[in-house]
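Next comes the sequence, and after it the predicted model I'd like to discuss.
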Amino acid sequence: MVETLIELLNKDIVPAVPAHGSVSASGDLAPLSHIAAVLIGEGFVLLDAKGRAAFGVETIDTARYLREAAKHGLPIFEPVTLEMKEGLALNNGCQYSAAWALLATARMRTLIETAALTTALGVQAMVGMGRPFRRDLHALRPHPGAQEIAGWIWDLLDGYAFRNASADDRVAFDGEIQDPYNLRCAPQVLGACLELIKRAEKTLLCEANSVTDNPIDLNTSASSYRLDEITSGGHFHGMPVAVDAFGLLQAAGIMARLSNMRCVRYVDARRNKGLGPQVRGETPDVTESGLLIAEYTTAGLCNEIWGLAMPSHLMSMSTDSGQEDHVSMAANVAMRAYQAAERLADILAIELAYASQAMITRSQNDGLVTRVLDQSLGGETPAPSQAAWGGRQRTIAFEKTWRMSMSAAELAPSTLTAPAIAAIRAAFPPVERDREISKDMVVLAAKVLAGEIADATGYGFARH
């Protein structure tokens, strides 16, 4: 039976399985039964492009497929005859929920690394401080996830001018004492998400290596076999999967909002330190919208992820005339976690595009960093006192603004983020004039989801 399942995978013979309808207690009975049916020569097979060309349909009943596939050059297999208890083993477990959750976990592991990269890029693009990511700082509040994330970002910032600059240096440069939470608190926020992802990994690897059908034969010796050792239990119940799949949804929602807030700042000329409206520089063409609408898109995508984060596992519904009176709904949670990861990749791709555009905009404006003193929020905002940084003195240019420039060397991205920026620009070229950007953004998002942008750093996150 196991060899035939592997043969189906290797030959790309895919059972047609309705995605929805499992309650993930008494196993994922309905979807797993559709897989088991193909294994015994019944049910339906999902056809690829070649198969559809041959049969003219998207799905075909397995019996017909096995009769006619060979003459169309399609792979076939020999159906199995089930032996005692093998039918229950095939459909009375949580493999369907666990599979979705495992796929979602793999995606989220890739995306948490990309989120660390977007943080490092955001620090540089916004001329922020690197000290909040020092390992000795995080040793004082040693949450493992925060420590790991902080270490990644600290390493990614190697070579950045403000990586270990003091508060006095920072105030002297741009008058800011602290960076916004979306940068400064990223280790604490993303660290909690990393711990949720790691917990899901641990739970799901345990699940994938477990016996989950029912009843279970607890006899260990044929010579002393006892019928009363056949035991009815509850290993088919999907709540362990549901809880940690929901943890992935929590992580996706948190990471989405963090990225969205950075995108909001990128397009805000009052707070983006000289990047101008919509990251178009100090003197933009007012008829150009730049990357304005991409920030709108992150809001819509973030809201969609929050909508996917319904805690279905808290909303049990009785089945089987009340006998199965508490079910897990794990499949619903796990499938939405998989979807949420895809939407999160879209958001992170937009943030990466902003970071890339910001670095170009700074270089084209001679590194100009401008602080707009916003008095619309109430009262005077005093300009910083005259002070020097790097041997240069900033000048008060207007009553409501002050500005300072950095050299090209100081603006250069850190050693590890530079190749990532090159990979971003290969997929999403810089926006010089307004153009249709959705196709490029889709390409970039696919590379984010595949881990290609994080891998471009050459850092190897899991090894640090």
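Now that the structure is in, tell me what you want to look at. Numbering: from 1, shown residues only.

name the element Arg163 belongs to?
Using DSSP states H and E, Arg163 sits in no helix or strand.

Please verify my assumption that it contacts Leu157.
Yes - in this structure Arg163 lies within contact range of Leu157 using C-beta atoms under 8 Å: 4.6 Å. For glycine as for every other residue, the C-beta is placed from the backbone atoms N, C-alpha and C.

Between the two, tell me which one has more neighbours.
Higher neighbour count among Arg163 and Leu157: Leu157, with 27 against 19, using other C-beta atoms under 10 Å.

Okay, helices next: where are they in the stretch 51-200 of the chain?
62-68, 86-91, 95-125, 135-138, 144-156, 167-174, 181-184, 186-208 (DSSP state H, counting those that start in this stretch).

Of all those, which one is nearest Ile360?
Comparing those by their distance to Ile360 (C-beta to C-beta), the top pick is helix 95-125, with 10.0 Å.

Enumerate every residue touching Thr203.
Pro240, Val241, Val243, Asp244 (C-beta atoms under 8 Å, 6 or more residues apart in numbering).

Show me where this structure dips below the pLDDT cut-off.
170-175, 281-287, 321-323, 325, 366-367, 371-403, 408 (pLDDT under 70).

Nearest to the middle of it, which residue? Look it up for me.
Nearest to the geometric centre of the chain sits Leu111, at 3.5 Å (C-alpha atoms, centre = their mean).

right, and Gly93 touches Ser33 too?
No - counting by C-beta under 8 Å, Gly93 stays clear of Ser33, with 11.4 Å between them.

So those two - more neighbours on which side?
Between Gly93 and Ser33, counted using other C-beta under 10 Å, Gly93 has the larger neighbour count: 26 against 18.

roughly how far apart are the residue nearest to the centre of the chain and Met317?
32 Å (C-beta to C-beta, to the nearest Å).

and the residue nearest to the centre of the chain, how far is that from Gly460?
For Leu111 relative to Gly460 (C-beta to C-beta), the value is 16 Å.

cool, Ala49 as well?
37 Å.

Which one's more surrounded, those two?
Gly460 (10 against 7).

got the contact list for Leu275?
Ala125, Tyr266, Ala269, Gly281, Ala358, Thr361, Arg362.

Among these, which one has the most neighbours?
Ala125 (31 neighbours).

OK, contacts around the closest residue to Ser328 other than its chain neighbours?
Leaving out its chain neighbours, the residue that sits closest to Ser328 by C-beta to C-beta, 6 or more residues apart in numbering is Gly238, at 3.8 Å. Applying C-beta under 8 Å, 6+ apart to Gly238 gives the contacts Ser24, Ala25, Gly27, Asp28, Cys94, Ser97, Ala98, Val327, Ser328, Met329, Ala330, Ala331.

Of the contacts of Thr203, which belong to helices?
Counting by DSSP state H, the contacts of Thr203 place Pro240, Val241, Val243, Asp244 in helices.

now those residues as TSV including neighbour count and distance to Thr220?
Shown next, in TSV, are the ones in helices among the contacts of Thr203 (neighbours: other C-beta atoms under 10 Å; distance: C-beta to C-beta, whole Å):
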residue	neighbour count	distance to Thr220
Pro240	20	25
Val241	31	27
Val243	18	31
Asp244	26	31
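
Quick check, Arg107 in contact with Leu348.
No - applying C-beta under 8 Å, one finds Arg107 not in contact with Leu348, separated by 11.4 Å.

Mind listing what's buried along stretch 249-264?
Neighbour counts using 16 or more other C-beta atoms under 10 Å place 249-263 of stretch 249-264 among the buried residues.

Which of those residues sits closest to Arg64?
The closest of the buried residues of stretch 249-264, once distances to Arg64 are taken by C-beta to C-beta, is Leu249, at 39.9 Å.

For the closest one, give its distance to Leu196.
9 Å.

what's the overlap in contacts for those two?
Counting by C-beta under 8 Å, 6+ apart, nothing touches both Leu249 and Leu196.

residues near Asp48, how many?
With other C-beta under 10 Å as criterion, Asp48 counts 12.

That one - nearest residue in space that isn't next to it in sequence?
In space, Asp48 is closest to Asp12, 6.9 Å off (C-beta to C-beta, 6+ apart).

Work out for me the element that neighbour sits within.
Per DSSP H and E, there is no helix or strand for Asp12.

Please report how far it lies from Arg64.
Taking C-beta to C-beta, one finds Asp12 at 18 Å from Arg64.

Glu42: how many residues sit nearby?
Neighbour tally, Glu42, other C-beta under 10 Å: 14.

dump the residue contacts of it.
Contacts of Glu42 by C-beta under 8 Å, 6+ apart are Asp61, Thr62, Ala63.

Go ahead and confirm the first one touches Phe44.
The one in question is Asp61. Yes - judged on C-beta under 8 Å, Asp61 makes contact with Phe44 at a distance of 5.5 Å.

So between these two, which is more surrounded?
Per other C-beta under 10 Å, whichever of Asp61 and Phe44 has more neighbours is Phe44, with 22 against 17.

Please list all residues in contact with that one.
Phe44 touches Pro15, Ala16, His34, Ala37, Val38, Thr59, Ile60, Asp61, Thr62, counting by C-beta under 8 Å, 6+ apart.

Which residue ranges make up the domains of the protein?
2-92, 98-215+234-463 (automatic domain parsing).

Quick check: end-to-end length of the longest one?
The one in question is domain 98-215+234-463. Taking C-alpha to C-alpha, to the nearest Å, domain 98-215+234-463 runs 26 Å from one end to the other.

Overlap in contacts, Arg163 and Leu157.
Gly130, Ser414.

mind exporting the helix or strand Ile293 falls within as PDB, just the C-alpha atoms?
Per DSSP H and E: Ile293 is located in helix 292-308. In PDB, the C-alpha atoms belonging to helix 292-308 read as follows (Å, rounded to 0.1, in the frame of the first residue of the first chain):
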ATOM      1  CA  LEU A 292       1.600  55.200  -4.000                       C
ATOM      2  CA  ILE A 293      -1.000  52.500  -4.800                       C
ATOM      3  CA  ALA A 294       1.300  49.700  -3.700                       C
ATOM      4  CA  GLU A 295       0.800  50.900  -0.100                       C
ATOM      5  CA  TYR A 296      -2.900  50.700  -0.600                       C
ATOM      6  CA  THR A 297      -2.500  47.100  -1.700                       C
ATOM      7  CA  THR A 298      -0.600  46.200   1.500                       C
ATOM      8  CA  ALA A 299      -3.600  47.400   3.500                       C
ATOM      9  CA  GLY A 300      -6.000  45.300   1.500                       C
ATOM     10  CA  LEU A 301      -3.800  42.200   1.700                       C
ATOM     11  CA  CYS A 302      -3.200  42.700   5.400                       C
ATOM     12  CA  ASN A 303      -7.000  42.900   6.000                       C
ATOM     13  CA  GLU A 304      -7.500  39.800   3.900                       C
ATOM     14  CA  ILE A 305      -5.000  37.900   6.100                       C
ATOM     15  CA  TRP A 306      -6.800  39.100   9.200                       C
ATOM     16  CA  GLY A 307     -10.000  37.800   7.700                       C
ATOM     17  CA  LEU A 308      -8.400  34.400   7.100                       C
END
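
Alright, that wraps it up for me.
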